[in-house]
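S.K.: Turn this into a structure:
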Amino acid sequence: MSLQLNINMSQIKRLGARIQALGNIDHGELLEGIAAEVETQTRRRISEEKTAPDGTAWPEWSEDYAATRNGGQSLLESSGALIDSIESVASDDSVEIGSNLIYAAIHNLGGTEDMAPGPAGIPARQYLGFSDDNLSDLQNVVDDFVDAAIDEHLKAGAL
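M.R.: Numbers count the residues shown, from 1 in each chain. Below you'll find the predicted structure:
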């Protein structure tokens, strides 16, 4: 008694061609989607979450500073300039997110001992970075992009 197995290599070759075709996808569109998602995540962290990417709650205002604030103002949201300045830029192979405001870095990183007394006392309220949920959302953006690219290529008969 014997068993014979015939393997049709054309299907494996076709699968290899499909995988190779995915490597030729225009990554610019994917990076633009990632940039938009990271920008949204950063704005949400400032406007709603009020936590660092690791989940640590931002320090509250000092009592003296809190006394100068009006209703409707919250941590990192006084005039709305910081949140309005958050921008993302996607290039062919990278994504950048940030603010061009001169005070954006000190709010993200906090003051240091070598600074003047006022700025030195500003605590870090990190708004740039990635939480585990943020990374999961970004993985979903990538997965959705790849799925859409596969569907598009299948419809075009390219895969």
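S.K.: Against Thr51, how distant is the closest residue to Arg125 other than its chain neighbours?
M.R.: Leaving aside its chain neighbours, Arg125 sits nearest to Trp58 (4.2 Å; criterion: CB to CB, 6 or more residues apart in numbering). For glycine as for every other residue, the C-beta is placed from the backbone atoms N, C-alpha and C. Computed with CB to CB, to the nearest Å, the distance linking Trp58 and Thr51 is 6 Å.
S.K.: same thing with Gly118?
M.R.: With distances defined as CB to CB, the gap from Gly118 to Thr51 amounts to 25 Å.
S.K.: Pick out whichever of these two has more residues nearby.
M.R.: It is Thr51, of Gly118 and Thr51, that has more neighbours when counted by other CB atoms under 10 Å, with 15 against 8.
S.K.: What strand or helix carries the residue nearest the centre of the chain?
M.R.: For the chain, the residue lying nearest the average C-alpha position, counting by CA atoms, centre = their mean, turns out to be Val38 (2.5 Å). Here Val38, judged by DSSP states H and E, is contained in helix 27-44.
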